[in-house]
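Q: Sharing a sequence plus its predicted fold:
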Amino acid sequence: MDFNQIFRDRTKNFSISIIKSLSPLPYSDAVSIIRKQIIRSATSVAANYRAVSRARSEKERFAKICIVVEEIDETQLWLEIIEELEYVDSEKLSAIKSECEELVKVMTTYKYKLSQNI
């Protein structure tokens, strides 16, 4: 099992699911700001995880995974906000929130393990 490929795919699919879920929301200033922020942070998770798997050194790998953890945590915050504002039905967000929570746990654990090698 190739851990890197699995999580490259998972983070990319997570980004796509965020984009698909939020794109249909009607325009308003508040929705637009939140949509832009959550899409930016979610896609950053995928982009930076790709960079983790292409890192040239352990220090670079650790720096990139730190960005991944920060961005997935930010994405989780925006999901909480969008749910509490009731812009998206909680049921529709359930699978995305669950995947986000799993990614937070996995990436935080991976960050910790990498920190032990530096």
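A: Arrived safely, thanks for sending. Since we're looking at a predicted model, the values are computed, not measured. Numbers count the residues shown, from 1 in each chain.

Q: What is the distance between the helix or strand that M107 is a member of and the centre of its chain?
A: Per DSSP states H and E, M107 falls inside helix 90-115. Distance of helix 90-115 from its chain centroid, counting by CA atoms, centre = their mean, to the nearest Å, is 8 Å.

Q: Stretch 25-42 now?
A: In terms of CA atoms, centre = their mean, the centre of stretch 25-42 is set 15 Å apart from its chain centre.

Q: on that earlier part again, what's the helix holding M107 packed up against?
A: On a contact count with 3 or more CB pairs under 8 Å, 6 or more residues apart in numbering; DSSP states H and E, helix 90-115 meets helix 3-22, helix 58-84. Heads up, the C-betas are built off the backbone N, CA and C, glycines and all.

Q: list the buried ones in stretch 52-72?
A: 52, 61-72 (16 or more other CB atoms under 10 Å).

Q: Reformat these as a markdown table; add distance to I34 and pLDDT.
A: Formatted as a markdown table, these follow (distance: CB to CB, whole Å; pLDDT from 0 to 100):
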| residue | distance to I34 | pLDDT |
| --- | --- | --- |
| V52 | 27 | 95 |
| R61 | 31 | 96 |
| F62 | 30 | 97 |
| A63 | 28 | 97 |
| K64 | 26 | 97 |
| I65 | 26 | 97 |
| C66 | 24 | 98 |
| I67 | 21 | 98 |
| V68 | 21 | 98 |
| V69 | 21 | 98 |
| E70 | 18 | 98 |
| E71 | 16 | 98 |
| I72 | 17 | 98 |
